[in-house]
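Student: coords please:
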Amino acid sequence: MIPSEGESLALHKKYGSSERIIAHCKTVAKVAMIIADEFKKRGKRVDIQVVLAGALLHDIGRTKIQTIRHGVEGSEMLREEGVDEKVVEAVRRHVGAGLSPDEARTLGLPDLDYIPKTLEERIVCFADKMVDGDVVRPFHGEVQRFVKKGHDVGRLLSLKKGLADALGTDPEKLVLRKINQPE
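Tutor: Purely as a prediction, here's the structure:
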């Protein structure tokens, strides 16, 4: 089952997500849908339902834990709810700009690959990196945060470049233009 927008929000309510988490997820979904819609317009195959559900539910695990483990927790919660594995994986793989199994092990996470692979996973992950709280910001803000925390900036920049190459345009500029000048 791929949850609709209403079903995704009902899951947030069921698990007690704060209004702050819900507002963040809605904003990430707005950003993700701008990117996914542009892929569709350009004739690229993208599962809009997976993008929407993945973006809306990516932080549901924060109802249990506020660490990087929230991606794992959220994916396990959604799996138990019978949510489609494509959405479950988008939730699990959105943390950071993805984590290798070695990095995951070092952080105490299950020994799995957390690097976003599918287009839908990459869109959700990138959209999350453009949102601080419920505010869309330039991608550079996340790059600076990665530098401060000592995270893999190369992987973050590669995430953006991969989407830009597949889309044929800079996804950050696309989002900022649409957010600042909605049609």
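
Student: Helices of the protein, start to end?
Tutor: 5-15, 19-41, 48-57, 70-80, 85-92, 101-106, 119-129, 139-149, 153-167, 171-180 (DSSP state H).

Student: any chance of those in CSV, plus distance to residue 63 and mean neighbour count?
Tutor: In this view, the C-beta of every residue, glycine as well, is placed from N, C-alpha and C. Below are these laid out as CSV (distance: least, C-beta to C-beta, whole Å; neighbours: other C-beta atoms under 10 Å):
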stretch, distance to residue 63, mean neighbour count
helix 5-15, 4, 15
helix 19-41, 7, 20
helix 48-57, 11, 27
helix 70-80, 8, 21
helix 85-92, 13, 24
helix 101-106, 21, 15
helix 119-129, 17, 26
helix 139-149, 23, 14
helix 153-167, 26, 16
helix 171-180, 27, 17
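
Student: what residue ranges in the chain are flagged as low confidence?
Tutor: Counting by pLDDT under 70, the ranges of the chain that qualify are 181-183.

Student: one more time with 80, if that's ok
Tutor: By pLDDT under 80, the low-scoring segments of the chain are 66-69, 71-72, 96-100, 104, 146, 149-152, 180-183.
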